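Undergrad: One predicted model, sequence on top.
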Amino acid sequence: MLELRYYGDPVLRKKAAPVEKFDDDLKEFVAQMIEAMGAEDGVGLAAPQIGVSLRLAVIDASGGESAPYVLINPEIVYSTAESEDYEEGCLSMPGISLKINRPAQLSVKAQNENGEFYTIENAAGLLSRALQHEIDHLNGILFIDHVSSVQRALLKGKLKKISEKNA
């Protein structure tokens, strides 16, 4: 089983490298990520969260109703000006949830594990939120970066405890 990385681990702050090799090793890694996301009861998981600095994430916003999205080298190609607040959490920061303001809808272009391009058009709700959250991870951005410095200061104790898991 893949091991989660927690707040304070430097890999979470690095901009991830593009995936260039689409082979059986990548497919196996994707399967392991989907398994790890399910075991952690997560909606999404980005490769940096398990210590691999690659532009790869998996998302299941359907609660297991449909196959998870495999997002390799994803790019946001459209987002609405309209935004909304929504409670978010993160597997790399257990016990913390915050209201985060993000665009309400967006479209994302990505590749699947076979290297084929596809687009998720006008994603809304939990899927939109998860896409933005996981793409942020690929850019070294954490959801706490979207809140005020005052809110972050109030979380300092919790964040310190989480980062101690890395020690």
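TA: Nice, thanks for sending it over.
Undergrad: bridging residues for residue 58?
TA: residue 45, residue 70 (DSSP bridges).
Undergrad: ok, it - contacts?
TA: Residues in contact with residue 58, defined by Cβ atoms under 8 Å, 6 or more residues apart in numbering, are 30, 33, 34, 37, 44, 45, 68, 69, 70, 71. All C-beta spots, glycine's among them, are computed from the backbone N, C-alpha and C.
Undergrad: Contacts only, for residue 35.
TA: Counting by Cβ under 8 Å, 6+ apart, residue 35 touches 1, 2.
Undergrad: Same question for the one 5 residues further on.
TA: Residues in contact with residue 40, defined by Cβ under 8 Å, 6+ apart, are 4, 91.
Undergrad: what's the spacing between it and residue 33?
TA: 11 Å (Cβ to Cβ, to the nearest Å).
Undergrad: what does residue 93 give?
TA: Taken as Cβ to Cβ, the span from residue 93 to residue 33 is 18 Å.
Undergrad: Check residue 76 too.
TA: 21 Å.
Undergrad: Residue 158 too?
TA: 26 Å.
Undergrad: Also residue 19?
TA: From residue 19 to residue 33 the distance is 12 Å (Cβ to Cβ).
Undergrad: overlap in contacts of the two?
TA: With Cβ under 8 Å, 6+ apart as the test, residue 19 and residue 33 both reach residue 56.
Undergrad: quick one: what helix or strand has residue 41 in it?
TA: Per DSSP states H and E, residue 41 falls between elements, in no helix or strand.
Undergrad: Let me know the pLDDT of it.
TA: Confidence at residue 41, expressed as pLDDT, is 91.
Undergrad: now swap in residue 152 and tell me
TA: For residue 152, the predicted pLDDT is 88.
Undergrad: Find the centremost residue of the chain, please.
TA: Centroid-nearest residue in the chain: residue 134, 2.1 Å away (criterion: Cα atoms, centre = their mean).
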